[in-house]
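K.L.:
Need coordinates for the following:
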Amino acid sequence: MTKIPAAKPRILHLHSTFSAGGKEVRCAQLINAFGGAFSHAIVSAMPERMAAAQLISSGLSVTYPQNFPSLSGRPTPGRLHKLASAMRGYDLVLTYNWGAMDAVMAHTLFSTMLELPPLIHHEDGFNEDEQKKLKASRNLYRRIALGKSSGLVVPSEVLEEVALDVWDQPMGRVKRIPNGIDTKKFAKKPKPDALRGIVKRPDEFWVGTLAGLRPVKNLRKLVRSFAGLPAEWQLVIVGEGPEEDAIRAEADRLEIGHRVHLPGFAADPARFIGLFDIFALSSDTEQFPLSVLEAMAAAIPVVSTDVGDVSDMVSEPNRPFVVKENDASNLASALEALVADKALRKSLGEANRVKALAEFDEARMIDTYRRLYSSAMGVSVRK
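P.N.:
Numbers count the residues shown, from 1 in each chain. Next up, the predicted model:
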């Protein structure tokens, strides 16, 4: 590696959305961890979805270009050339998920002609339109688009297999980097009023989740699974998104609207996730969800659909509560079993925290990303 240049290396981030979901939270986490080593420009294919910007520490060199070509549209040569041209002047381009794949294609087609910086793509999972089966046309597009990328980063074993076997990526290009969190932040018990607009009463118990309110998260199924729990239990869904009205309507239909709370987006889960007595994940598709790691670090038992690497993430005694995703009754039964057994909730939570501390602390993840990005740029960078 060469010495760091006089100016800060400039990183361009191209996101499908910059809502506060898993990949966006990790991106903010890494930007904060890198400190002043880089300057960053962040573009979202959905400019109105920028909640994760709130998670980035003030004082860092971060901009949000307003005139960047749209990441969505028909992949015509002219549009792809505009996308590629907009990447000039940066030292590294980072792209995220299918919503940024046109930018990856643009880079492959025009990188030599325009002398573009290296590009590393990140895949964290699929939306509802590919939750059951990957689309053949998208698989082919990815194979071609990723042809000149310097790396393809995935967080889970499931996605690593897809990248190698379905997208035909060479082993040397695919980098599996499990997500990590600052586990120490989650040890402190939160105050009852840590969440805006809702206070946990002494006689209450909470089933909680952190999720973008999107169809793929299947939060209406979670509402149905929760409906039969005793009256002292409350369901708290932290997040924002287009499904909010549908979730509230489902709760009202089941006559539990007064026990289902949607306080909106809340930054820094370490401040409040410890209020949950059970963490629930109802998604139809995930890969390596940060929210599960955060719950584990806070010593909370996890009930989840069996998606991505969740079964391997949780502690061994917690695995029976990771259930088949196509049956809402399985999720309900798992919740009911934990609701009925306080001692079991405590023992599972403690086992989860031990595993989170041992395997999923953020230090290893941050160092791996720092080395990957620095190597791609040919510089040696420390915070």
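K.L.:
quick one: the helices in the stretch 51-200 of the chain?
P.N.:
Counting by DSSP state H, counting those that start in this stretch, the stretch 51-200 of the chain has helices at residues 77-86, 101-114, 136-145, 157-161.
K.L.:
Walk me through the domains of the protein.
P.N.:
10-180+362-377, 183-359 (automatic domain parsing).
K.L.:
can you list those in CSV and add mean neighbour count and mean pLDDT?
P.N.:
C-beta coordinates here come from the backbone N, C-alpha and C atoms, glycine included. Output for the domains of the chain, formatted as CSV (neighbours: other CB atoms under 10 Å; pLDDT from 0 to 100):
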stretch, mean neighbour count, mean pLDDT
domain 10-180+362-377, 18, 94
domain 183-359, 19, 94
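K.L.:
re earlier: out of the helices of the stretch 51-200 of the chain, the one nearest K175 is which?
P.N.:
Proximity to K175 (CB to CB) singles out helix 157-161 among those, at 8.9 Å.
K.L.:
Counting by contacts, list what that closest one packs against.
P.N.:
With contacts taken as 3 or more CB pairs under 8 Å, 6 or more residues apart in numbering; DSSP states H and E, helix 157-161 sits against strand 174-176.
K.L.:
Partner strands of the strand it packs on and their direction?
P.N.:
In the sheet, strand 174-176 lines up against strand 151-154 (parallel) (DSSP bridges).
K.L.:
residues making contact with the partner strand?
P.N.:
With CB atoms under 8 Å, 6 or more residues apart in numbering as the test, strand 151-154 has contacts from 120-124, 146, 160, 162-163, 167, 169, 173-177, 287, 372, 376.
K.L.:
do that again at 10 Å, thanks
P.N.:
Counting by CB atoms under 10 Å, 6 or more residues apart in numbering, strand 151-154 makes contact with 94-96, 104, 118-125, 142, 146, 159-164, 167, 169-170, 172-178, 287-288, 368-369, 372-373, 375-376, all of which sit outside it.
K.L.:
Which ones among these map onto strands?
P.N.:
Among the contacts of strand 151-154, the subset assigned to strands under DSSP state E consists of L94, T95, Y96, L119, I120, H121, H122, V174, K175, R176.
K.L.:
Okay, the third one and A227: tell me how far apart.
P.N.:
In this case it means Y96. 35 Å (CB to CB, to the nearest Å).
K.L.:
one step back: output the helices of the stretch 51-200 of the chain in JSON lines, with distance to V323 appended to each entry.
P.N.:
Output for these, formatted as JSON lines (distance: least, CB to CB, whole Å):
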{"stretch": "helix 77-86", "distance to V323": "42"}
{"stretch": "helix 101-114", "distance to V323": "32"}
{"stretch": "helix 136-145", "distance to V323": "29"}
{"stretch": "helix 157-161", "distance to V323": "17"}
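K.L.:
ok now the longest helix seen in the chain, how far from the chain's centre?
P.N.:
Ranked by residue count, the top helix of the chain under DSSP state H comes out as helix 342-359. Here the centre of helix 342-359 is set off from its chain's centre by 22 Å, with CA atoms, centre = their mean, to the nearest Å.
K.L.:
and it, what other elements does it pack with?
P.N.:
Here helix 342-359 touches strand 278-281, helix 290-297, strand 302-305, helix 310-313, helix 328-339, going by 3 or more CB pairs under 10 Å, 6 or more residues apart in numbering; DSSP states H and E.
K.L.:
Quick one: closest of the ones you listed to P69.
P.N.:
If you check each of these against P69 by CB to CB, helix 290-297 wins as the nearest, at 29.8 Å.
K.L.:
by how many degrees do that closest one and helix 342-359 diverge?
P.N.:
Orientation check (axes from the mean of the first three to the mean of the last three CA atoms, to 10 degrees): helix 290-297 against helix 342-359 gives 110 degrees.
K.L.:
So what's the gap between helix 290-297 and the chain middle?
P.N.:
That offset, for helix 290-297, works out to 11 Å (CA atoms, centre = their mean).
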